[in-house]
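K.L.:
build me a model from this:
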Amino acid sequence: MTHLSKLNLPNFSFRIENESIFDPIRKKWVALTPEEWVRQNFLAYLVQDKKYPKSLIKVEQTIKAFEKTRRCDAVIHTSEITPLAILECKKPNIKITEKTFKQIALYNSALNAPYLIITNGMDHYCCKIEFDPTKIIFLDHIPDYEEMKLET
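P.N.:
Numbering: from 1, shown residues only. Sure, this is the predicted structure:
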């Protein structure tokens, strides 16, 4: 069994069998990697604690940025299906660095989401992007869904 790190998130229950975890958003079993453990915990946090609608979250959304196809860990949409936030997850032992922020900024060049969220399960960052003029504001919390929608 894969070692499941204790994360800096509330405890949630998951369906885990044979090195797989059930993803309730994609409605399928996926390999239980350290990064997937972080993603499933953080998505549970967003859905259960922060009231993000499951139906408006797209996991592993494919985008095209600078002529290359890439995959976002998750994209949260508004009810109009406009991108609201991009979520980037890293393994718990991976330090979040400037490189991580550049990666999510690259994804955002294709989506223009007003929020970016990065987590390794231990440290969580949320930035609000203002586009005219471009300004990045680091928030001291992860907004709930309604707060995030109101601020856009």
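
K.L.:
how about the residue nearest the centre of the chain, secondary structure?
P.N.:
Taking Cα atoms, centre = their mean, the centroid of the chain lies closest to residue 87, which sits 2.3 Å from it. With DSSP: H, G, I helix; E, B strand; the rest coil as the basis, residue 87 sits in strand.

K.L.:
quick one: residues contacting it.
P.N.:
Applying Cβ atoms under 8 Å, 6 or more residues apart in numbering, we find residue 87 in contact with 39, 42, 43, 46, 72, 73, 74, 75, 76, 117, 118, 119. For the C-beta atoms, the positions are set from N, CA and C on the backbone; glycine is no exception.

K.L.:
hey, where'd the helices end up in this protein?
P.N.:
Ranges of helices in the chain, per DSSP state H, are 34-44, 98-111, 145-150.

K.L.:
re the thing from before, could I get the contacts of residue 87 in a markdown table, plus columns for distance to residue 13, neighbour count and pLDDT?
P.N.:
Below are those laid out as a markdown table (distance: Cβ to Cβ, whole Å; neighbours: other Cβ atoms under 10 Å; pLDDT from 0 to 100):
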| residue | distance to residue 13 | neighbour count | pLDDT |
| --- | --- | --- | --- |
| 39 | 16 | 25 | 98 |
| 42 | 15 | 23 | 98 |
| 43 | 14 | 23 | 98 |
| 46 | 16 | 22 | 98 |
| 72 | 26 | 23 | 91 |
| 73 | 21 | 23 | 93 |
| 74 | 20 | 22 | 95 |
| 75 | 25 | 20 | 95 |
| 76 | 22 | 24 | 96 |
| 117 | 23 | 24 | 97 |
| 118 | 25 | 20 | 98 |
| 119 | 20 | 26 | 98 |
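
K.L.:
quickly name whichever of the residues you listed is closest to residue 111.
P.N.:
residue 75 (6.7 Å; Cβ to Cβ).

K.L.:
so that closest one sits against residue 85, correct?
P.N.:
Yes. The pair residue 75 / residue 85 is scored as a contact, 7.3 Å apart, by Cβ atoms under 8 Å.

K.L.:
find the residues that touch each one of those two.
P.N.:
residue 113.

K.L.:
quick one: contacts for the nearest residue to the residue nearest to the centre of the chain once chain neighbours are set aside?
P.N.:
Spatial nearest neighbour of residue 87, chain neighbours left out: residue 74 (4.1 Å); criterion: Cβ to Cβ, 6 or more residues apart in numbering. Applying Cβ under 8 Å, 6+ apart, we find residue 74 in contact with 25, 39, 43, 57, 58, 59, 60, 61, 86, 87, 89.
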